[in-house]
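Trainee: below is the sequence, then the predicted model.
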Amino acid sequence: MSKIILMTSVSLDGFFEGLDRDISWHRVDDELHQYFNDQCRAMGAFMDGRVTHELMAGYWPTADQDPDSPAVAVEFAQIWRETPKFVFSRTLTEKDIGGEGWNATVLSDVVPEQIAELKAQAGGDIAIGGANLATTFLRLGLVDEIHLCVHPVVLGQGRPSFESPYIRLNLTLEGTRTFSNGALVLRYSIERSADSATD
């Protein structure tokens, strides 16, 4: 069975974005970007909320056509286009998200039974992105692993990565990887217990 993996970047003090949704503090050099590429290439699908999808769709569909794009960006643009994408939104249509041209499908709600079917059909693990979507998946107990990329930056303020009062998680560390730019990836599996996710 495929796993659902929450992949997210955070500052050292636990924020995934600064004020006004600022993510310019992400320290993604070629080494870290290649790691992300390798992880994403193995995924069977991406699941994103509307905001995250629109952020990705604003750049990646044509990033490999820019002669100034580094090789890792060209590679990820191809990965992003080719990987099936499920966008959770009640306002967007298939046309809005690129439809078949971007291998994208709109889902209006997170339905656990439907997610289970998609996991069974996926050709690999499924990565989810977007703070609100991640919170919903966590609350429903649908996330199997969390891959946390900690950047060596202290923001002091911003939006916390885990801010829901309705979620408690017990985690098991499955692995780590350090990068020359000071970033650290922590891979956790989620322990399934009676109090691991509550409404």
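Mentor: Thanks, I have the structure now.

Trainee: looking at the protein, which helix or strand is least sure?
Mentor: Here the helix or strand of the chain ranked lowest by mean pLDDT, DSSP states H and E is helix 50-57, holding a mean of 88.

Trainee: which other helices and strands contact it?
Mentor: strand 85-88 (3 or more CB pairs under 8 Å, 6 or more residues apart in numbering; DSSP states H and E). (Glycine included, C-beta is placed from N, CA and C.)

Trainee: need the CA coordinates for the host helix or strand of A127. PDB is fine.
Mentor: Following DSSP states H and E, one finds A127 within strand 126-129. Coordinates of each C-alpha in strand 126-129 appear next as PDB, following Å, rounded to 0.1, in the frame of the first residue of the first chain:
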ATOM      1  CA  ILE A 126       1.600  10.300  -2.400                       C
ATOM      2  CA  ALA A 127       3.000  13.700  -1.300                       C
ATOM      3  CA  ILE A 128       0.600  16.300   0.200                       C
ATOM      4  CA  GLY A 129       1.200  20.000   0.400                       C
END
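
Trainee: what is the rounded mean pLDDT of that strand?
Mentor: Across strand 126-129, the average pLDDT comes to 95.

Trainee: just to revisit the earlier point, next secondary structure after the least confident helix or strand of the chain?
Mentor: On the C-terminal side of helix 50-57, the closest following helix or strand by DSSP H and E is helix 71-82.
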